[in-house]
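Peer 1: sharing a model prediction with you, sequence too.
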Amino acid sequence: MTRPGMGRLRTQIAFYGGSFTGIDSDIQKSLLSKACDFIKDGQVDSLRISTRPDYIDPDTVRLLVDYGVETIELGVQSMVDRVLALSGRGHTSSHVESAVKIIKEHKLEVGLQIMPGLPGDNPKQIMYTVDRVIAMKPDFVRIYPTLVIKDTPLEELYSKGRFSPMTLDEAVYVCEKALLKLDNAHIPVVRLGLQPTPQLEKKGTIIAGPFHPSFRQLVESSIFFDMSVRLADRDHQPRESLRFRINSKDYSYFCGQKNRNIAKLRERYGLKEIEIITEDSVKRNTVELINGSYISYIERNELEAISN
């Protein structure tokens, strides 16, 4: 896997799919040693691992550093202790803060993974988690809306009626707000929604929950729809058409999947026509509304403050 480095992409070997620092230390050393050989040969730059916050301590991190680990991702999931307890996570928010502090003290890159919509969660608590995450200043974040997967404890709760996952629209809404907050804090969100895989998309694997193979596009499109609405609401003039101008690279986000945003704007304002002008001179993540010689605009980073 690669990640941005000093002017070039840096290549890493990643140990994912579990809590790496929770396995036997001799097995860790064996795996790290074999991967470290690729660093010595110049084929990769460093290693990265994912683990639980409560499986991090100074000795563990020193071992990882010795073998060339440069990036540690933590499965945080939530910063609300009640949500963590109801989800059977086995760690608390204090474990997260302690782990991040230790990792940063060793000058390693730290990524945090959160799962909106766990048992006991709600939009207010999800935003609380995002704010706590921002306060820890991670290098990047992944957001995975909670899904009910076959043969998991969550499936049992769901089948007994003790857990209801977010709908797709609810997940898009909270993830939009989370993404805007993280964007404005200059913390990259490197993944939004689970990566589609043949196993995940196999019929019967996902029992319930807001899964979509292009989830990030839904969220990004929702942001552009909200920007467009803010501009149109400011206009205050009844009209049969609207003219928007955007950067060409934002065109698919502006229109939405299957032109859903266009259809929603037409219905909302009773429009016969929506004209979309694409010009690369327009700043990315900006929407302009043209009214004769007057042009109003909104930038993506303004939306969080307006929405709140």
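Peer 2: That came through fine. Residues are numbered from 1 along each chain as shown.
Peer 1: need the helices for the protein, in chain order.
Peer 2: Under the criterion DSSP state H, the chain carries helices at the ranges 25-40, 58-66, 81-86, 93-105, 123-136, 153-159, 168-184, 215-235, 251-255, 260-269, 300-307.
Peer 1: Leu31 and Lys160: what is the separation?
Peer 2: Look at Leu31 and Lys160: by CB to CB, to the nearest Å, they are 39 Å apart. In this view, the C-beta of every residue, glycine as well, is placed from N, C-alpha and C.
Peer 1: neighbour count: those two, which is higher?
Peer 2: The neighbour count for Leu31 versus Lys160, taken as other CB atoms under 10 Å, is higher for Leu31 (17 against 8).
Peer 1: reformat the helices of the chain as JSON lines; add distance to Asn291 and mean pLDDT.
Peer 2: What follows is the helices of the chain, written out as JSON lines (distance: least, CB to CB, whole Å; pLDDT from 0 to 100):
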{"stretch": "helix 25-40", "distance to Asn291": "58", "mean pLDDT": "93"}
{"stretch": "helix 58-66", "distance to Asn291": "57", "mean pLDDT": "95"}
{"stretch": "helix 81-86", "distance to Asn291": "46", "mean pLDDT": "96"}
{"stretch": "helix 93-105", "distance to Asn291": "48", "mean pLDDT": "97"}
{"stretch": "helix 123-136", "distance to Asn291": "34", "mean pLDDT": "97"}
{"stretch": "helix 153-159", "distance to Asn291": "49", "mean pLDDT": "93"}
{"stretch": "helix 168-184", "distance to Asn291": "26", "mean pLDDT": "97"}
{"stretch": "helix 215-235", "distance to Asn291": "6", "mean pLDDT": "94"}
{"stretch": "helix 251-255", "distance to Asn291": "18", "mean pLDDT": "97"}
{"stretch": "helix 260-269", "distance to Asn291": "13", "mean pLDDT": "95"}
{"stretch": "helix 300-307", "distance to Asn291": "19", "mean pLDDT": "78"}
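Peer 1: tabulate those helices (a markdown table), appending distance to Tyr294.
Peer 2: A markdown table is the format used below for the helices of the chain (distance: least, CB to CB, whole Å):
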| stretch | distance to Tyr294 |
| --- | --- |
| helix 25-40 | 58 |
| helix 58-66 | 57 |
| helix 81-86 | 48 |
| helix 93-105 | 48 |
| helix 123-136 | 35 |
| helix 153-159 | 52 |
| helix 168-184 | 27 |
| helix 215-235 | 10 |
| helix 251-255 | 20 |
| helix 260-269 | 18 |
| helix 300-307 | 19 |
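Peer 1: closest to Lys202 out of the ones you listed?
Peer 2: Closest approach to Lys202 among these is made by helix 153-159 (15.0 Å; CB to CB).
Peer 1: centre of the chain to that closest one, how far?
Peer 2: 24 Å (CA atoms, centre = their mean, to the nearest Å).
Peer 1: I'd like to know which elements it is packed against.
Peer 2: For helix 153-159, the packing partners by 3 or more CB pairs under 8 Å, 6 or more residues apart in numbering; DSSP states H and E come out as strand 148-149, strand 206-208.
Peer 1: okay, buried residues for it please.
Peer 2: 154, 157-158 (16 or more other CB atoms under 10 Å).
Peer 1: would you list these in a markdown table and tack on distance to Pro138?
Peer 2: Shown next, in a markdown table, are the buried residues of helix 153-159 (distance: CB to CB, whole Å):
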| residue | distance to Pro138 |
| --- | --- |
| Leu154 | 25 |
| Leu157 | 29 |
| Tyr158 | 30 |
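Peer 1: any idea which of those is closest to Leu179?
Peer 2: The closest of these, once distances to Leu179 are taken by CB to CB, is Leu154, at 24.1 Å.
Peer 1: so what's the closest one up against?
Peer 2: By CB atoms under 8 Å, 6 or more residues apart in numbering, the contact set of Leu154 is 87, 119, 146, 148, 163.
Peer 1: which one of these is nearest to Tyr294?
Peer 2: Using CB to CB, Thr146 comes nearest to Tyr294 of the contacts of Leu154, at 45.0 Å.
Peer 1: give me the number of residues near the spatially closest residue to the closest one that is not a sequence neighbour?
Peer 2: Of all residues not flanking Thr146 in the chain, Gly117 sits nearest, at 3.9 Å (CB to CB, 6 or more residues apart in numbering). When counting by other CB under 10 Å, one arrives at 25 neighbours for Gly117.
Peer 1: looks like Gly117 contacts Ser164 (just checking).
Peer 2: No. Judged on CB atoms under 8 Å, Gly117 makes no contact with Ser164 at a distance of 9.3 Å.
Peer 1: what's the pLDDT at Cys3?
Peer 2: Wrong residue type there; residue 3 is Arg, not Cys. If you check Arg3, the pLDDT there is 54.
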